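Engineer: Build me a structure from this.
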Amino acid sequence: MSTPPPAPSAPADAAVPEGASLAPDAGQRPLGPTPSQSRFQVDLVAEAAGASEERSPSSEGSAAAPAAGSEAAAEEAKGRFRVVNFADPGSAASPEAAPAEGLQNGDTVMSESSLHSSTGGPHHYHYDTHTNTYYLRTFGHNTIDAVPNIDFYRQSAAPLGEKLVRPTLSELHDELDKEPFEDGFANGDELTPAEEAAAKEAAEPKGVVKFGWIKGVLVRCMLNIWGVMLFIRMTWIVGQAGIAFACLIILMATVVTTITGLSTSAIATNGFVRGGGAYYLISRSLGPEFGGSIGLIFAFANAVAVAMYVVGFAETVVELLKGADALMTNEVNDIRIIGTLTVILLLGISLAGMEWEAKAQIFLLVVLITAIVNYFIGSFIPVESKQAKGFFGYDASIMWENMGPDFRDETFFSVFAIFFPAATGILAGANISGDLADPQMAIPKGTLLAILITGIVYLGVAVSTGSCILRDATGNITHRVSSSIMENCTDISCKFGFDFSSCKAGKDSCSYGLHNDFQVMSVVSGFGPIISAGIFSATLSSALASLVSAPKVFQALCKDNIYPGIGIFAKGYGKNNEPLRGYILTFGIALAFILIAKLNVIAPIISNFFLASYALINFSVFHASLANSPGWRPSFTYYNMWVSLAGAMLCCVVMFVINWWAALLTNVIVLGLYIYVSYKKLNVNWGSSTQALTYHQALTHTLHLSGVEDHIKNFRPQCLVMTGYPNSRPALLDLVHTFTKNVGLMVCGHVRTGYRRPNFKDLATDQSRYQRWLMKNQTKAFYTPVYAEDLKQGCQYLLQAAGLGRLRPNTLVLGFKNDWTDGDMMNVETYISMIHDAFDFQFGAVILRLKEGLDVSHIQGQDDLLSSQEKSAGAKDVVVSMETSKDSDSSKPSSKATSLQNSPAIQKDEDDDRKATTQPLLRKDKRSPTVPLNVSEQRLLEASQQFQRKQGKGTVDVWWLFDDGGLTLLIPYLLTNKKRWKECKIRVFIGGKINRIDHDRRAMATLLSKFRIDFSDINVLGDINTKPKKEHVAAFEEMIEPYRLKEDNMDLEAAERLKNSEPWRITDNELELYRAKTNRQIRLNELLKEHSSTANLIVISLPLARKGAVSSALYMAWLEVLSKDLPPVLLVRGNHQSVLTFYS
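Structural biologist: A predicted model of the protein is given here:
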């Protein structure tokens, strides 16, 4: 990299004259900082005069310099900041667009390609040649700290502007010679690839058609709510239920839709809303499980609704053809023909683009409103020829007569069920949220106003028709009565000179009136054909709205990749990202149901699908409010969580009122899809209220648990397992997970040492990465790394600070240090001190020993398992194996770094528990030859996987030599309760005397039965105190010989100096003092080989060494001689507080 020319120094915060600017020559521009250089090193520059001399003579030259390398700089910025941009970097660098205000290095950092803020404002940028960044003067002087800016809070490729990246904390805080962190996005800010693509398309401003709240929401909702029901069913509902109950039915439906509208408004104003309507609102609120299930059935319901509305239109046309005796074939086939032609026409309008579709909607709304006005005008113009059909104009007596119900083969709820679908359609505007200019403003205003207007019109039509039309009329003009007969007539029609009492008596078939004539509004209207046009408008507009809604919702669902095989429908075309493939699919579904031409069965299911969506929208608001997440702060505040909950319950009740079997079917479908999406475990993070409530409940329960005293019956082994990286000691991880899974806490502790300067960013990254790895492998544990000066200090940190409240470890689990004789004995001192520290903190201690060893991190390729799960293709991270020695639990940098790209893999496999197992696999890499495993590595890998397999019929031998409170017995009991160890039997071995063997066996059997622990055998070791064989004692003496102090052979002062410098050394006095204990360990190993050489697992009491009295080398030698050359050994010592009880 070329170095910048020296410049005269200037004070760090010196103000620079306003006119100063700098345009370096493009040919001399450095390629970028070297890794050793900080991007924010301070280059002292000249004063204004000096700077003026460096400026190029023309503005064109100024603009050309940054533009020359803008592409490379943009790429560098992307790599450094992950900035997605759509600005023209060349124009951004022009003096007019970004006049330089200062020359001092160290201002607000933005990528070269992310200059323009959508908020505008007098921002002044300075281009720095050495670091390819722009700087901003803040508060009149130069600083890299940034003022609040909306562009810092945008997601990548945000539609409303560009994502700028504020200076990271490390860039402001770290020393100048440190490479700053490459921070990505805040929690939950990063978009999925699908969302990023959608946002990128949405961010393209040229030619995109966006609708306001009237054209986009109000018109669509009104057209959808004013369905065909308004003209051909409203009068029948008034006839059945009466004016009062009809108004009650309308108000009940309006209450449900109003509450849902309020909830929709709340969700829609709690952040930027993208396309997808109900699916987007629910999925981003409740998560992909609910959103995915509702999205699919909601899109399907809209597709079938197209068929419903088109068939309604076709039936009306066929009725007119029938009246004119102009049927083409028969009624059913005519419906199919007209319906097919109609849906093809609607598809053409939709494919023409949203602008044409919106114009068609406006035209249909004008026709519909004209038809409604036409009815009301006609109701004020009584015509004598219409009297025989039951229309006499407004009259109080007619209103009073029609006030009460007159149910004929119907009930209140059955009439309500018929009306309610007319109130649906409130999501028609929200469903095209991606095509709205400002969804946060448009959805609340348009939806609620549409509900208000349509509700008033429905109420007006109910009251109007009930006040001027009789329930029954013959239509026969000859049914006039004379004044003399009228005196004896009691029917309401007699008042107007007609006698329609024969209709109630059933003598005549009356085909007119509220009860009998669905087209009575045409009779009342000023011009009858306009009502027919209104019916056409209502059906076609609803069909068109559904034909647009279904593909839009389905496209959003496909982009999130929730269900397999539907991704092809995610692609959009044209400037508006139109889902053309979705239109064709919707057309196909609609056409199929049109050809059936019998929708009486499917109609209630569709209504229930809509209601299920409404219920979940209401529940979303309740759930988000209940979770009390700081992120839930909708700008629309006219909602209440309990009202939303009541709305959700009302929707569920209405579902069963409309059709109970359809409601059950809907619930089964939603539940099935929910279970599928939950099982699939999508890797998405939308910041749903489900996550917020999970946190809230966890916090509440943890606090509640902290107020409860521990009880022996509720004791659980909560293990701090010193695994290092979780995938470096799979046997240790698997065995402990087996007996803690769904029982107790498991924390994978990792002490990282040996760094000159701890990189805490790496620590946080690893914590997140390996936690994901544990979850991928279905290991219920927490990974907790710490930095410390040495392993002992780090272990103390973990013993003190790991866990939360009652969810704290109570047992330290270590891997046995197999190679303790080969390395630095101070590592042994550290290792033994960890056990002492555990006992000091009142922890239990568990040590696992496999004769092959535990640590597999040194084997090349181990981290490919992590790589395959966590890394995308092309990632270039390198995982460094952390180890002091082969099987120790310390964590120092290994000399070997394993590349994630070039190493042999560990093949994942599945066993009966669906646990991801690891099998050795040699992967051929394109750039390097296959690396074979040697015999010892192969054995180590096989041994490391032995606890992932089913154990089969065998034994778990428990050598319960000393009473530690019962932990030595509890762990094997928990193990044998698990599926993998179910067939293993527990054998118990205890120490005793030759003359008391039967007595000791009965006493132990009684104790175990009281503890309710099954066992297959109890062995009393009467010869436990027999002296060990001489050759074994000699082998022990030979093993410890290098570690003896031999103070008798040196003067006292020299011996003390050596002991102080090497505290692990064994003194002669100590060796003699603990001779009996040494012999017991040797003897126990002989007995273990005799009795338990074929056991699947040996669990034995861990011998204790008095702190300060027994040297670490002697204690380590005891553990070595006790457990060598045996099957897997688990050395266990509780904290001597009871963990078992036989009291209830």
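Engineer: separation between Asn640 and Glu410?
Structural biologist: 35 Å (C-beta to C-beta, to the nearest Å). In short, each C-beta sits where N, CA and C put it, glycine included.
Engineer: just Lys1029 next, same as before
Structural biologist: Distance from Lys1029 to Glu410, counting by C-beta to C-beta: 98 Å.
Engineer: Counting neighbours, go ahead and name the busier of the two.
Structural biologist: Using other C-beta atoms under 10 Å, the more surrounded residue of Lys1029 and Glu410 is Glu410, with 17 against 12.
Engineer: Quick check: closest non-adjacent residue to that one.
Structural biologist: Gln240 (5.3 Å; C-beta to C-beta, 6 or more residues apart in numbering).
Engineer: ok now do that neighbour, which residues does it touch?
Structural biologist: Gln240 makes contact with 405-408, 410, 415, 515, according to C-beta atoms under 8 Å, 6 or more residues apart in numbering.
Engineer: Likewise for Pro1128?
Structural biologist: 731, 735, 848-850, 946, 1096-1098.
Engineer: Format those as CSV; extra columns: distance to Cys558.
Structural biologist: As requested, the contacts of Pro1128 are arranged in CSV below (distance: C-beta to C-beta, whole Å):
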residue, distance to Cys558
Ala731, 44
Leu735, 44
Leu848, 49
Arg849, 53
Leu850, 49
Gln946, 45
Asn1096, 50
Leu1097, 50
Ile1098, 56
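Engineer: Same list, the residues you listed, but as JSON lines with distance to Phe527 and pLDDT please.
Structural biologist: Formatted as JSON lines, the contacts of Pro1128 follow (distance: C-beta to C-beta, whole Å; pLDDT from 0 to 100):
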{"residue": "Ala731", "distance to Phe527": "88", "pLDDT": "89"}
{"residue": "Leu735", "distance to Phe527": "86", "pLDDT": "90"}
{"residue": "Leu848", "distance to Phe527": "91", "pLDDT": "92"}
{"residue": "Arg849", "distance to Phe527": "97", "pLDDT": "91"}
{"residue": "Leu850", "distance to Phe527": "94", "pLDDT": "90"}
{"residue": "Gln946", "distance to Phe527": "89", "pLDDT": "85"}
{"residue": "Asn1096", "distance to Phe527": "92", "pLDDT": "90"}
{"residue": "Leu1097", "distance to Phe527": "92", "pLDDT": "91"}
{"residue": "Ile1098", "distance to Phe527": "98", "pLDDT": "92"}
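Engineer: Relative to His623, which of those residues is nearest.
Structural biologist: For the contacts of Pro1128, the closest approach to His623 (C-beta to C-beta) belongs to Leu735, at 39.5 Å.
Engineer: What separation do you get for the closest one and Leu1073?
Structural biologist: Applying C-beta to C-beta, the value for Leu735 to Leu1073 is 35 Å.
Engineer: When these two are compared, which one has more neighbours?
Structural biologist: Shown here are Leu735 and Leu1073; by other C-beta under 10 Å, Leu735 has more neighbours (25 against 13).
Engineer: Now that one: closest residue in space that isn't a chain neighbour?
Structural biologist: Looking at Leu735 with C-beta to C-beta, 6+ apart, the closest residue is Phe947, at 4.7 Å.
Engineer: Correct me if wrong: that neighbour contacts Val736.
Structural biologist: No - with contact defined as C-beta atoms under 8 Å, Phe947 and Val736 do not form a contacting pair (9.3 Å).
Engineer: Name the residue in the two with the higher neighbour count.
Structural biologist: Taking other C-beta under 10 Å, Phe947 and Val736 do not tie; Val736 has more neighbours (28 against 25).
Engineer: Strands along the stretch 851-1000 of the chain, start to end?
Structural biologist: Shown for the stretch 851-1000 of the chain, the strands assigned by DSSP state E, counting those that start in this stretch span residues 878-882, 893-899, 906-910, 916-920, 954-959, 984-991.
Engineer: nearest residue to Lys322 other than its sequence neighbours?
Structural biologist: Spatial nearest neighbour of Lys322, excluding adjacent residues (C-beta to C-beta, 6+ apart): Glu331 at 7.1 Å.
Engineer: measure that neighbour to Gly339 for me?
Structural biologist: Per C-beta to C-beta, Glu331 is found 12 Å from Gly339.
Engineer: Kindly report the same for Leu745.
Structural biologist: On the measure of C-beta to C-beta, Leu745 and Gly339 end up 63 Å apart.
Engineer: between those two, which one's more packed in?
Structural biologist: Under the criterion of other C-beta under 10 Å, the comparison of Leu745 against Gly339 puts Gly339 first, with 28 against 22.
Engineer: what's the pLDDT at that one?
Structural biologist: Looking at Gly339, its pLDDT reads 89.
Engineer: what about it, helix or strand, and which?
Structural biologist: In this structure, Gly339 sits in helix 331-351 according to DSSP states H and E.
Engineer: Contacts for that helix next, please.
Structural biologist: Applying C-beta under 8 Å, 6+ apart, the external contacts of helix 331-351 come out as 306-307, 310-311, 313-315, 317-318, 321-322, 327-329, 356-357, 360, 540, 543-544, 547-548, 578, 580, 583, 587, 590-591, 594-595, 597.
Engineer: just the buried members of these?
Structural biologist: Listed as buried from the contacts of helix 331-351 are 306-307, 310-311, 313-315, 317-318, 357, 360, 540, 543-544, 547-548, 578, 580, 583, 587, 590-591, 594, 597; burial here means 16 or more other C-beta atoms under 10 Å.
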